[in-house]
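In: Fold the following.
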Amino acid sequence: MRTETIQSDITVVGGGLAGVCAAVAAARLGKRVALVHNRPVLGGNSSSEVRVWVCGATAHWTNRYARETGIMGEMLVENQYRNPEGNPYLWDLVVLETVLAEPNLQLFLNTDVHEVEADGGEDRRLIRSVTGWMMGSERRIRYESPIFLDCTGDGLIGFLAGARHRLGREAASEYGEAWAPEVPDDITLGSTLLFYTKDAGRPVKFVPPSFAKDIAQTPIPLKRVIRSGDSGCHYWWIEWGGELDTVHDNERIRDELWSVIYGIWDYIKNSGRFEAETMTLEWVGSLPGKREYRRFLGDYVLNQNDVIGQEPFHDRIAFGGWSIDLHPPQGMYATESGSKHMHPDGVYHIPYRCLYSVNVDNLLFAGRNVSASHVAFGTTRVMATCAVMGEAAGTAAALCAKKAVTPRELYESGLEELQQTMLRQDASIIGIANEDPLDLARRAKARASSARTRIAVENGTETYPLERDVALVFPVQPDVDGVELLLDAEADTELTVELWDTGRPENYVPGSFIASRSAKVRKGAGQWVPFELQWKPERAQNAFLIVRGNVLVRLHQAAEPLTGVLAFERGAAPRAAATLEDQDPTQPIVEWSMKALNRRPFCFRARAATEAYGPEQAQGGYGRPYGGPNLWVSEPLQAGREQWLELSWDSAVAIGEIRLTWNDDVNEDLINLHRHRTSFEIIPELAKAYRIEARAAGKWTTAVVVRDNRRRSAIHKLDQALTADALRVVVEETNGAPCAELVEVRVYDSCTWNAASPHSVARF
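Out: Sure thing, here's the model as predicted:
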């Protein structure tokens, strides 16, 4: 037997998206990382072995401006370009290459960790090492490091180390949760197997295996949606095992799921109820995708009230937006809906205290095993949310290694540094602004070649019958002084609009009523109808403008978006699979839907000039929409005219690194396996060609030239530091949008973070 020892700063066990983002985050911050995974491919439930769509805070366009940034966002945007067909094997490559790009990261695939050396008492323990067996290589590998991350999903590492954890559902009285049972139990969400189908172009028969279940003898045909053209995650409801032990009964659960998949296919192919003569099975999963098992206890346990109340934790390090999504214990055999949903009014916040163990000093965790109640876990469990928690945990681990502190000590003395480090890496923490003392851009003066000063969507390409209430969201900075709508009227009528705020800055639903106005509308087409609404809020924020339904009116609708403006319709028709789901349609985030109107706003004009797109918006504020778009937008690049944003200082500064964040439209819902498709492979608002110029002694020189950019985040480390009193980011071309759109500019004298303590080793 070959026995090895790997020493590193951080050991991450589990190569799902949480573990990948944790390992990459720590490696990018200069720490030596070992990433250990027990499967041949990375990605966990999103990999080609399981093929679950990567869902997150967007909740399939239910939440607005909610797509994740940071490492998870990078992979989604890259996959959009490389893999427009949603091939699961190409998604594997995107994840793998994200890991292989990091020189500080060692990857160990096919390595099953099942030994943990830990010492200490029940209340305070310390992991010394973990040991795994690399299948196919006959290598027994011991991993030693001062910091360990359990990203295994099932929580095996923490369990073996003696970390406190929960399994099953808490009683309603424990956290005051309306959706928890009166009495605690060991019920969990079940596991799922998926299958793919394809049209072979010729008749194909199917002879079911002996173990295929006759689903006509079960509630499945009556209570679940079965269609011959569906496959993959359309069959997320093939779920079972919630009343069993999803780990120890894994083989039994797999066999039951197989029997149902082949039974469903037998039903589709041989019952005579479907047009499936030329359809065949392309792939059937063999590895159950687990939803739930152990949940560790941290210094805080996220619960239902925190999620629904959107609690703005002072130590927030990530956000989510998927609904609280719970399934019946009987899974696919239940006679009730396959899932029930409860939504907050927008995204919610996740505190750092949920990511480290209450009793194992050097253990962090991320993914579905974080410190959350069963009910709150119903939303934190989705993979993109697991991934952003992974990036937070990996960043925290790097800081712990740098400072030689425990995760709890980092919370007590280094929380602000953790949050600011994450923001510098483009990981989103909603509502926390850049306060990085090393960022030279924060003390510069900003100006630009131009900036959008009008909020106007004027070029309609089709009309929309106003059969229901609709709405527009737009930024208010500094005020509203009347709006106009472009419409057609079949007869003389009256139209009413209402102005509301959105409540919290992260929300995009009607909050508090401001004013209402009605206008007489004469019969005719192409009319601009004014509404005399006035509002001057104390701070910059968004307005929610409701247009009341009127069957005599048609609004004009544009084919192109305007950044910062969203359109909604109220009470839109339910989805085809609505019979699978149970959710209250009066929840504001559900009641006001933008799905059918994405990137196609109604034509309107806000008469007051706006400051929401000025150059200062890209300088030291928020890295994504929050109470406004928070980015610089130029006037259109016409006839080869370039647009630029300039930062200048009173005296020359030394510049070694420039970080740019371009607008990749975080309102756009991107799915790794393409549940839906977009009309573009590269986000149009991203800058395609740009350069960075520096001014020294009154002379401008070019420091950076970029062609064919397709990414949101760009880090330009200069070969030699330069001294300049001004910088210009000059946009020559976008990827299709008419204007230059820059979210943030950061400037540093050098990349000093890693150099301060390279490969430091923490000792507790």
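In: how many neighbours does L287 have?
Out: 16 (other C-beta atoms under 10 Å). All C-beta atoms are positioned from the backbone trio N, CA, C, and that covers glycine.
In: For it, what is the enclosing helix or strand?
Out: Under DSSP states H and E, no helix or strand contains L287.
In: is it true that it touches V50?
Out: Yes - contact criterion C-beta atoms under 8 Å: L287 and V50 qualify, at 5.7 Å.
In: who touches both of the two?
Out: Counting by C-beta atoms under 8 Å, 6 or more residues apart in numbering, L287 and V50 have no common neighbour.
In: Measure how buried the closest residue to M1 other than its chain neighbours is and give me the count.
Out: With C-beta to C-beta, 6 or more residues apart in numbering as the criterion, M1 has its nearest non-adjacent residue at 5.7 Å, and that residue is R140. Under the neighbour criterion other C-beta under 10 Å, R140 is assigned a count of 16.
In: if I pick R140, what's in contact with it?
Out: Contacts of R140 by C-beta under 8 Å, 6+ apart are 1-4, 131-134.
In: what does A26 give?
Out: 9-10, 12, 33, 394-395, 397-398, 401.
In: Summarise which helices and strands the helix or strand hosting M72 is packed against.
Out: In the assignment (DSSP H and E), M72 maps to helix 70-82. In terms of contacts (3 or more C-beta pairs under 8 Å, 6 or more residues apart in numbering; DSSP states H and E), helix 70-82 is packed against helix 17-28, helix 88-100, helix 383-403.
In: run the last query once more with 10 Å
Out: Judged by 3 or more C-beta pairs under 10 Å, 6 or more residues apart in numbering; DSSP states H and E, helix 70-82 is in contact with helix 17-28, helix 88-100, helix 383-403, strand 713-734.
In: if you compare the ones you listed, which one is most tucked away?
Out: Highest mean neighbour count among the helices and strands packed on helix 70-82 (mean count of other C-beta atoms under 10 Å): helix 17-28, with a mean of 31.
In: Dump the C-alpha coordinates for it into CSV.
Out: C-alpha atoms of helix 17-28 as CSV (Å, rounded to 0.1, in the frame of the first residue of the first chain):
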residue,chain,number,x,y,z
LEU,A,17,-19.9,23.6,-6.3
ALA,A,18,-19.6,24.7,-2.6
GLY,A,19,-16.2,22.9,-2.3
VAL,A,20,-15.0,24.1,-5.7
CYS,A,21,-15.8,27.7,-4.9
ALA,A,22,-14.3,27.4,-1.4
ALA,A,23,-11.0,25.9,-2.7
VAL,A,24,-10.7,28.4,-5.6
ALA,A,25,-11.4,31.4,-3.3
ALA,A,26,-8.7,30.3,-0.8
ALA,A,27,-6.2,29.5,-3.5
ARG,A,28,-6.7,32.9,-5.2
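In: Beyond it, next helix or strand please.
Out: strand 33-36.
In: Show me what counts as buried in that next one.
Out: Using 16 or more other C-beta atoms under 10 Å as the burial criterion, the residues of strand 33-36 that qualify are 33-36.
In: Stretch 463-483 too?
Out: Here stretch 463-483 shows 463-464, 466, 469-477, 480, 483 as buried, counting by 16+ other C-beta under 10 Å.
In: again, but for stretch 284-293
Out: 285, 287-293.
In: Now tabulate these in TSV and tack on pLDDT.
Out: Shown next, in TSV, are these (pLDDT from 0 to 100):
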residue	pLDDT
G285	97
L287	97
P288	97
G289	97
K290	97
R291	97
E292	98
Y293	98
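In: Among those residues, which one lies nearest to P684?
Out: Comparing those against P684 with C-beta to C-beta places G289 closest, at 33.8 Å.
In: right, and the closest one touches Y235 too?
Out: No - checked against C-beta atoms under 10 Å, the pair G289 and Y235 is beyond contact range at 11.5 Å.
In: Quick check: neighbours shared by those two?
Out: Contact criterion C-beta atoms under 10 Å, 6 or more residues apart in numbering; residues shared by G289 and Y235: 192-194.
In: In PyMOL, select just the buried ones from those.
Out: Selecting only the buried entries of those in PyMOL, with 16+ other C-beta under 10 Å as the criterion:
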select buried, resi 192+193+194
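In: Same list (the shared contacts of G289 and Y235) but as a markdown table, adding secondary structure.
Out: What follows is those, written out as a markdown table (DSSP: H, G, I helix; E, B strand; the rest coil):
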| residue | secondary structure |
| --- | --- |
| T192 | strand |
| L193 | coil |
| L194 | coil |
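In: hmm, back to that, pretty sure the residue nearest to M1 belongs to a helix, no?
Out: No - counting by three-state DSSP, R140 is not part of a helix but strand.
In: Quickly list what it is bridged to.
Out: Beta-bridge partners recorded for R140 (DSSP bridges): T3, W133.
In: gap between it and T5?
Out: 10 Å (C-beta to C-beta, to the nearest Å).
In: For stretch 217-234, output the C-alpha coordinates as PDB.
Out: Extracted in PDB, the C-alpha atoms of stretch 217-234 (Å, rounded to 0.1, in the frame of the first residue of the first chain):
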ATOM      1  CA  GLN A 217     -50.800   1.200  -9.700                       C
ATOM      2  CA  THR A 218     -49.400   4.200  -7.900                       C
ATOM      3  CA  PRO A 219     -50.600   7.800  -7.500                       C
ATOM      4  CA  ILE A 220     -47.900   9.000  -9.900                       C
ATOM      5  CA  PRO A 221     -50.000   9.300 -13.100                       C
ATOM      6  CA  LEU A 222     -52.700  11.200 -11.300                       C
ATOM      7  CA  LYS A 223     -50.600  13.500  -9.100                       C
ATOM      8  CA  ARG A 224     -47.500  14.200 -11.300                       C
ATOM      9  CA  VAL A 225     -46.900  15.700 -14.700                       C
ATOM     10  CA  ILE A 226     -45.700  13.100 -17.300                       C
ATOM     11  CA  ARG A 227     -45.000  14.200 -20.900                       C
ATOM     12  CA  SER A 228     -43.100  12.400 -23.600                       C
ATOM     13  CA  GLY A 229     -41.000  15.400 -24.500                       C
ATOM     14  CA  ASP A 230     -39.700  16.100 -21.000                       C
ATOM     15  CA  SER A 231     -36.500  14.700 -19.400                       C
ATOM     16  CA  GLY A 232     -33.800  15.800 -17.000                       C
ATOM     17  CA  CYS A 233     -34.900  18.200 -14.300                       C
ATOM     18  CA  HIS A 234     -38.400  18.400 -15.500                       C
END
